[in-house]
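Engineer: please find the sequence and the predicted model below.
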Amino acid sequence: MSDTGHLTDTGHTADGGHTDIGHATDSGHAGPAGQAGQAGQMRRAFLDRVLRTAVEKAAAPGQLHFTERQLYYEVCRVLLPWHRAPRRTHFTSAPALTYGAFLAALHRLGPDSVDGLLPPVVPGPPRVAGLHTPESDLFDYGLPRLLVCESDDIAAMLRANAVPMESACPVYGASELPLDPGVLRMLTLAEKATVYLLHDASAHGLTFPARFARSVDVPDGVRVVPLGLRPRQAGALHLVHGRGPEYAAIPGHWPGPAAASGAGAASGAGAAPGLASVLSRWERDWLRRGRFVELAAVNPASLVRTVHRLVREVRAPRSQLTELRQVRQAGFLSWPSA
């Protein structure tokens, strides 16, 4: 993830004092150093409790697996629950604490003691398709759908939570591209096969559909559908943003879902005339301020449910309430099921 290193926008740091409480005065009253040490211990104890609560929320329901960064954003939601605000107003929020403070709390808790916490993915060579089964005719079957994530960690998280099995949708990370020729052949054997893409809401992430099209020779007739994350979708969910260098320009173009299919997508034919023309003014201003939202900022359960729904193309139930209609119009990840 190219933008994650810029996540320096902080709210309150949990690493306060480092002075030991034992520095009390001879009279038995704590001096300034002792008071600072006590305050630091209280802040660390508070953050440790918040972390344990966040672990429970990240794994719910049903003991889901989650990544380290997903746990960090869950801690931010526990500290500042902006996600509960009405969604008709779009905004993202600054982090509630530094990533360093979170890592310190995680170290105190012990990463090995956190059930469901996945190790970071070490990018390697692309997976060879078919090694998981002795079936020799595997590539003779049609594959109706496939999901590619810009984040290898998110791809691993979705695989760990059984998305490929439950939705009949293999999940790949960006480092595993290009796709195996056998997988591409399976896509051609299915009617209306679709490759779905998940990416960050960032100036770089919004170019992932175009980067995918350049790296994969998508067969004719196979749709390529970007699901998000878009800035407006992040704003509807009030996700935690990071902030990097301000972007002087918005990326060149972004293939639309209907146009990005087959050889036309790979060559750029039929692509939208410009990303700036697709994004709203709010989104353009948001990006130019250097903001970005990682896909990991979405609650794990909401992400898994929404991916299941979208790759199966299950429509959300309609509602007559005005606010709910506005939320649905925000698009991907703005309508997680309860």
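Structural biologist: All right, it came through fine.

Engineer: just checking, which helix or strand of the protein averages the lowest pLDDT?
Structural biologist: When the helices and strands of the chain are compared on mean pLDDT, DSSP states H and E, helix 262-267 comes out lowest with a mean of 40.

Engineer: isn't residue 120 up against residue 154?
Structural biologist: No: the pair residue 120 and residue 154 does not pass the contact test of CB atoms under 8 Å, sitting 11.6 Å apart. Using the backbone N, CA and C atoms, a C-beta is placed for each residue, glycine as well.

Engineer: of the two, which one has the most company?
Structural biologist: residue 154 (28 against 11; other CB atoms under 10 Å).

Engineer: how near is that one to residue 118?
Structural biologist: To residue 118, residue 154 is 10 Å away according to CB to CB, to the nearest Å.

Engineer: okay, and the common contacts of the two?
Structural biologist: residue 67 (CB atoms under 8 Å, 6 or more residues apart in numbering).

Engineer: for this structure, which helix is longest?
Structural biologist: In the chain, with assignment by DSSP state H, the single longest helix is helix 32-59.

Engineer: can you spell out which helices and strands pack onto that helix?
Structural biologist: helix 68-79, helix 99-109 (3 or more CB pairs under 8 Å, 6 or more residues apart in numbering; DSSP states H and E).

Engineer: what is in contact with residue 120 and residue 154 at once?
Structural biologist: By CB under 8 Å, 6+ apart, the residues touching both residue 120 and residue 154 are residue 67.

Engineer: just the helices in the stretch 151-300 of the chain please.
Structural biologist: 152-160, 163-166, 181-189, 208-215, 231-237, 262-267, 275-278, 281-288, 300-311 (DSSP state H, counting those that start in this stretch).

Engineer: most tightly packed of these?
Structural biologist: helix 231-237 (a mean of 25; mean count of other CB atoms under 10 Å).

Engineer: mind saving the C-alpha coords of that one as PDB?
Structural biologist: Provided in PDB are the C-alpha atoms of helix 231-237 (Å, rounded to 0.1, in the frame of the first residue of the first chain):
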ATOM      1  CA  PRO A 231     -13.800   9.100  -1.400                       C
ATOM      2  CA  ARG A 232     -17.600   9.700  -1.300                       C
ATOM      3  CA  GLN A 233     -18.100   6.100   0.000                       C
ATOM      4  CA  ALA A 234     -15.400   6.700   2.700                       C
ATOM      5  CA  GLY A 235     -17.200  10.000   3.500                       C
ATOM      6  CA  ALA A 236     -20.600   8.300   3.900                       C
ATOM      7  CA  LEU A 237     -19.100   5.800   6.400                       C
END
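
Engineer: how many neighbours does the residue lying closest to residue 287 once chain neighbours are set aside have?
Structural biologist: Taking CB to CB, 6 or more residues apart in numbering, and ignoring the residues beside it in sequence, residue 287 has residue 203 as its nearest neighbour in space, at 5.3 Å. Residue 203 has 24 neighbouring residues, counting by other CB under 10 Å.

Engineer: next up, phi/psi of residue 203, please.
Structural biologist: With angles defined as degrees, to the nearest 10, residue 203 sits at phi -60, psi -40.

Engineer: next one: it from residue 225, what distance?
Structural biologist: Relative to residue 225, and taking CB to CB, residue 203 is found at 21 Å.

Engineer: also residue 95?
Structural biologist: 31 Å.

Engineer: more neighbours: the two, which one.
Structural biologist: The neighbour comparison of residue 95 against residue 225 (other CB under 10 Å) goes to residue 95, with 25 against 20.

Engineer: so the more buried one: helix, strand or coil?
Structural biologist: Three-state assignment for residue 95 (DSSP: H, G, I helix; E, B strand; the rest coil): coil.

Engineer: do I have it right that it meets residue 242?
Structural biologist: Yes: using CB under 8 Å, residue 95 makes contact with residue 242 at a distance of 7.3 Å.
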